[in-house]
Each structure stands twice: as C-alpha cells, then as structure tokens.
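Asker: let's see this in three dimensions:
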Amino acid sequence: MSSPRINSIRHGPDREWTYEQWGSSGRPILLIGDASHERSAWWPVAARLADEHTVAVLDLPFGREPGASAEELARVVFRLGTRAPVLVGYSSAALVASMFAVRFVTHAVVNVEQGLDTRPGSGEVDLAAREALREITGGARPIRCPYLSVFAAEPRPGYAEWLRQRIPRSRCEVYGTPGVFPHLYDLARFAADTRALAA
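Answerer: Okay, the predicted model is just below:
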C-alpha cells in the first residue's frame, strides 16, 4: 500500500490540524488521538482499515476544551469534504468525538479507554471535561448513532448499563489486554469492530 498523504488545515493564526490520509474510498473514518498521543500510534489501525475506507489520522490541537475542539473538528470535516464520518477517539479525544456526535451528523463513534461516568467516585476531571460529560450523557440532544466503548479492563460495575440508558445504541467491549491500548494489543479485533460500525 502507498504511503499516507500528510496535510494540514489552518483556519486561524493558532488553529491548525495536521492529518494523514490513508485510502481513498469507502465510508470515512477519522482516528483522533489526544494531545499526548503520537499520530503514528494510529498507523497500524489506519493501515488495517484503509483497504476499504478513507482514513484520516488527526492530531488534536493542544489546550482546547472538548466543546471548542468538536466545533473545530466540524470545520475540519467540512474542509475534508467528509459527510457522516465514523469518529474513533482515544482517551480525551474520545470526549471530542462524543461532543461532535452530540452536535453534528455522525455515522458512529468508537471511544477507546475514556469513561463517560459522572457518578461520585468515577474519578476527578477538570471543569471543561465535566461540562462535556454532562452534555454527552445528559444533555438535551442525546447521541443517536451507534457508539462503541472499548476498554482493556472492565470498567466500574454497571457501567455498560449506565451508558446504555444515556446512549441507547451504545455497547461496551472489554478486550482483556494489558495496559491501556486495547486497540493496538488486539488490532485485528479492533479493526473488525470498527469496520462493522462503518458498514
């Protein structure tokens, strides 16, 4: 397969999204890492999916709250000429993907290793993330597209049912892999799960 094309989209003096495009046909899939997540970490996933899909691997700009990043992502999606993408987000980038799905047309979301739980004891998050979580799980516009949460280890008891009450088309998959990169430790399964959502 040919090397990916590296591009950037600038829509302001300090607003630039860098992305790589793999493949050129089929349902568009956008792979997004958080600001600490090297874009190259998505390459094995992109390579698996690009034979049937147009895949863009995006760098998430640093230091923006999830709602603002989702709005910027919408402009990027428009500039890419993409409609109803599958958004795949790792860690805090999954909050951005989820916010996008609340506000814009989305075919599906894959959330890797980011809990959406706002119940007491679910962990400390900053104010911007807490507001995003409230909008994602309890806002006026629920997420209506298919929503897959992937975890390496079992999240807190009852999480899958809690999530299904808030995002009716959600499901949780626990890969049972070591570490916090289930999408890389079980690449074949992750690619198959993502392809199924993109169908």
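
Asker: quick one: which helix or strand includes the residue nearest the centre of the chain?
Answerer: Residue closest to the average C-alpha location in the chain (C-alpha atoms, centre = their mean): residue 89, at 2.1 Å. Using DSSP states H and E, residue 89 sits within strand 86-90.

Asker: show me the shaky parts of this structure.
Answerer: Filtered on pLDDT under 70, the chain yields the residue ranges 1-17, 62, 119-125.

Asker: what about the residue lying closest to residue 99 once chain neighbours are set aside, how many neighbours?
Answerer: In space, residue 99 comes closest to residue 70 once its chain neighbours are excluded; the distance is 3.7 Å by C-beta to C-beta, 6 or more residues apart in numbering. To be clear about C-beta, it is placed using only N, CA and C from the backbone, and glycine gets the same treatment. Residues lying near residue 70 (other C-beta atoms under 10 Å) number 23.

Asker: now residue 115: how far from residue 132?
Answerer: As defined by C-beta to C-beta, to the nearest Å, residue 115 lies at a distance of 13 Å from residue 132.

Asker: neighbour count for these two, which is higher?
Answerer: Legend: neighbour count by other C-beta under 10 Å for residue 115 and residue 132, higher for residue 132 (25 against 19).

Asker: is it true that the more buried one touches residue 99?
Answerer: Yes - with contacts counted by C-beta atoms under 8 Å, residue 132 reaches residue 99, the gap being 5.7 Å.

Asker: anything in contact with each of the two?
Answerer: 66, 67 (C-beta atoms under 8 Å, 6 or more residues apart in numbering).

Asker: ok, now which ones touch the closest residue to residue 154 other than its chain neighbours?
Answerer: Spatially, and ignoring its direct neighbours in sequence, residue 154 is nearest to residue 174 (5.3 Å; C-beta to C-beta, 6+ apart). With contacts defined as C-beta under 8 Å, 6+ apart, residue 174 is in contact with 151, 152, 153, 154, 155.

Asker: now do the contacts for residue 149.
Answerer: Shown in contact with residue 149 (C-beta under 8 Å, 6+ apart): 111, 114, 115, 116, 155, 160, 163, 170, 171, 172, 173.
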